[in-house]
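Student: could you work out the structure for the sequence below:
(one chain, ligands or ions: 1)
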Amino acid sequence: MSKGRLFVLEGLDGSGKATQAKLLAAHLAGSGRRVMEITFPDYESDSSALVKMYLSGQFGSRPDDVNPYAASSFYAVDRYASYKTKWGSFYEAGGIVIADRYTTSNAVHQCSKLPPDQWDGFLRWAFEYEYQLLGLPAPDAVVYLQVDPAVSQKLMTGRYHGDESRKDVHEKDTEYLARSRRAAEYCAEHLGWATVHCTADGAMRTIEDIQAEVQALAGNVLG
Ligand SMILES: Cc1cn([C@H]2C[C@H](O)[C@@H](COP(=O)(O)OP(=O)(O)O)O2)c(=O)[nH]c1=O
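Tutor: Below you'll find the predicted structure:
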């Protein structure tokens with residue numbers, strides 16, 4: 001049996017990845033496909049311990065207190081554990097896997113810690129590390145859910161009902177978030193990711209509208 005397919009939804013915090021991943025998985029399952037939805041970080045697993053330490057500020061209160069290679073390793077190891085215990089055999093047996101974030105999140109959120117002239121080198125390292133050295137599958141397609149900055153800002157403010165203390169080290173740092181947005185746009189443009197524009201006229205488009213585009217893109221790669 002040939003190996004499966006891996007379809008990744010990527011985007012900044014609050015872009016609706018989880019909602020869109022769930023709807024896509026339900027749609028594919030409804031049409032009789034063998035499908036599994038996965039999400040990263042895998043907070044339910046002990047393998048996310050270092051990610052949790054990092055995001056809660058135990059290695060420093062700012063994202064830049066942990067260099068991108070170290071932070072990427074925490075997330076990569078979490079993905080490896082999830083692959084080995086949860087979805088690797090399903091994927092290897094031909095199943096379709098829909099991922100809410102993947103290695104591509106290191107490309108967006110860790111790349112942004114480096115000056116732009118070091119991005120290509122970092123991206124080469126991140127993908128070679130996970131897809132070749134660790135042996136994780138490379139995605140068949142990546143969809144970037146793009147949200148206009150002003151709308152994104154509003155969504156993030158509402159997220160924790162004004163309780164700033166609940167934000168993780170990434171969410172607290174607006175300058176870092178702006179850099180991550182630039183890295184995301186760079187990746188989408190240079191790495192062949194498909195972009196879905198989730199906002200129009202200063203507001204989020206409807207979930208159904210966005211899902212229709214996501215389903216069309218999935219149809220192109222999953223058949
Ligand atoms: C999966 C992953 C996430 N991240 C970052 C993105 C987020 O800022 C942070 C936490 O992810 P996540 O829990 O998806 O964010 P949210 O708070 O929106 O639920 O970790 C990476 O830097 N690399 C990765 O591989």
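Student: pull up the residues of the protein that are close to the ligand.
Tutor: Within the chain, the residues that sit near the ligand (CB under 6 Å from any ligand atom) are 13, 40, 41, 55, 75, 101, 105, 106, 109, 110, 168, 170. In this view, the C-beta of every residue, glycine as well, is placed from N, C-alpha and C.
Student: need the helices for the chain, in chain order.
Tutor: Along the chain, the stretches classed as helices by DSSP state H are 17-30, 49-55, 68-82, 88-92, 103-109, 119-127, 149-159, 174-190, 207-222.
Student: tell me the two of the residues of the chain next to the ligand that are most distant?
Tutor: 106 and 168 (15.5 Å; CB to CB).
Student: could you check how far residue 164 is from residue 193?
Tutor: 31 Å (CB to CB, to the nearest Å).
Student: do the same with residue 37
Tutor: Counting by CB to CB - residue 37 and residue 193 are separated by 19 Å.
Student: ditto for residue 76
Tutor: For residue 76, the distance to residue 193 - CB to CB - is 19 Å.
Student: could you do residue 207 as well?
Tutor: From residue 207 to residue 193 the distance is 21 Å (CB to CB).
Student: of the two, who's got more company?
Tutor: residue 193 (20 against 13; other CB atoms under 10 Å).
Student: about what we covered before: which of the helices of the chain has the lowest mean pLDDT?
Tutor: Set side by side, these give their lowest mean pLDDT on helix 149-159, at a mean of 81.
Student: now the nearest residue to residue 136 once chain neighbours are set aside: how far from residue 205?
Tutor: Here the nearest residue to residue 136 in space, its sequence neighbours aside, is residue 130; by CB to CB, 6 or more residues apart in numbering that works out to 4.9 Å. Remark: distance between residue 130 and residue 205 (CB to CB) = 32 Å.
Student: who has more neighbours, these two?
Tutor: Between residue 130 and residue 205, counted using other CB under 10 Å, residue 130 has the larger neighbour count: 24 against 18.
Student: give the contact list for that one.
Tutor: 76, 79, 103, 106, 136 (CB atoms under 8 Å, 6 or more residues apart in numbering).
Student: what's the most distant pair in the residues you listed?
Tutor: 106 and 136 (11.7 Å).
Student: name the residues contacting each of those two.
Tutor: 76, 130.
Student: and the two? which has more neighbours close in?
Tutor: It is residue 106, of residue 106 and residue 136, that has more neighbours when counted by other CB under 10 Å, with 27 against 22.
Student: tell me the pLDDT of the residue positioned nearest the centre of the chain.
Tutor: The chain has residue 101 as the residue nearest its centroid, 2.2 Å off, counting by CA atoms, centre = their mean. On the pLDDT scale, residue 101 is placed at 98.
Student: nearest residue to it in space, please, no chain neighbours.
Tutor: Per CB to CB, 6+ apart, closest to residue 101 is residue 40, 4.4 Å.
Student: what does residue 45 give?
Tutor: Per CB to CB, 6+ apart, closest to residue 45 is residue 81, 6.1 Å.
Student: show me what contacts that neighbour?
Tutor: 42, 45, 47.
Student: for the residues you listed, give me TSV that also has pLDDT and neighbour count.
Tutor: Listed next are those as TSV, based on pLDDT from 0 to 100; neighbours: other CB atoms under 10 Å:
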residue	pLDDT	neighbour count
42	98	19
45	98	14
47	98	20
